[in-house]
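> Provided below for reference: sequence and predicted model.
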Amino acid sequence: MTHSSLPDWVFPPPGGFVAEDLDRIPDLPAHTELIDGSLVFVSPQASFHALIVDLLVVALRQATPKDFRVRRDMSVILGPRQRPEPDLMVIKAEAVRDDDETFYEARDVLLVVEVVSPASEVRDRDRKPQLYAQAAIQHLWRIEKNTGKPVVYVYELDPASKTYAITGIHRDFLKVSVPFEIAIDLTELDQL
């Protein structure tokens, strides 16, 4: 160790970290992301965050076609210096290799879901959607807390501009037909 009591890995190498470094750095805090070559440490999540993710995991697993899988707490490699960890993602079933994997490739991701928290607001609203769009992930849901209730912003990738276009804002009930048919009663959050 150098620089007082901080581990060496806190200090980026010249040119920044690369996606593979997240699997090689010892004792890296859980849910560490790589954004633009820099390590991003995630703050503890509030109850709202955990509950909405739980609700969505159950609903998505029930609705997801058999050739897809729902994953949480996994990162996605978008490029050499980009490895964010969305709150949820729907991936192609064929992307599942074994139970030791720590990431998926962007080409295998159909949908990413980000639940915005105060500490991640700028990343979840701005930078991560840019990165997901550049990696050609077709669908993005961004969830925010508004007066104690979830609001789901649904986006689809515009192939011409390679940016996300909003296709709906959902309160109380989320019903979409793409990437597959799904209906989620968001008020069930009150029962969890």
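Good, I have the coordinates.

> quick one: the spatially closest residue to Leu140 that is not a sequence neighbour from Ser177, how far?
Distances taken as Cβ to Cβ, 6 or more residues apart in numbering put Tyr155 closest to Leu140, at 4.3 Å, once the chain neighbours are dropped. Where you see a C-beta, it was placed from the backbone N, CA and C, and this is true even at glycine. Noted for Tyr155: a distance of 15 Å to Ser177, by Cβ to Cβ, to the nearest Å.

> Then His49?
Distance from His49 to Ser177, by Cβ to Cβ: 27 Å.

> same deal with Ala183?
Counting by Cβ to Cβ - Ala183 and Ser177 are separated by 10 Å.

> Note down every partner strand of the host helix or strand of the residue nearest to Leu140 and its orientation.
Under the criterion of DSSP states H and E, Tyr155 resides in strand 149-158. Note on strand 149-158: by DSSP bridges, its sheet partners are strand 139-146 (antiparallel), strand 163-171 (antiparallel).

> Burial check on the residue nearest to Leu140, number of neighbours?
22 (other Cβ atoms under 10 Å).

> now do the one 3 residues further on
Summarising burial for Asp158: neighbours were counted as other Cβ under 10 Å, giving 11.

> Which residue is the nearest non-sequential neighbour of it?
Ala165 (4.8 Å).

> Surely the one you found touches Tyr155?
Yes: contact criterion Cβ atoms under 8 Å: Ala165 and Tyr155 qualify, at 6.5 Å.

> which stretches of this structure form strands?
Applying DSSP state E to the chain gives strands spanning 33-35, 38-40, 68-72, 75-77, 88-92, 103-105, 109-115, 139-146, 149-158, 163-171, 173-176, 182-185.

> low pLDDT regions in this structure?
Low-confidence segments of the chain (pLDDT under 70): 1-4.

> Determine the longest helix present in the protein.
Longest helix in the chain, counting residues (DSSP state H): helix 47-63.

> Does anything pack onto it? Which helices or strands?
Here helix 47-63 touches strand 68-72, strand 88-92, strand 109-115, strand 139-146, strand 182-185, going by 3 or more Cβ pairs under 8 Å, 6 or more residues apart in numbering; DSSP states H and E.
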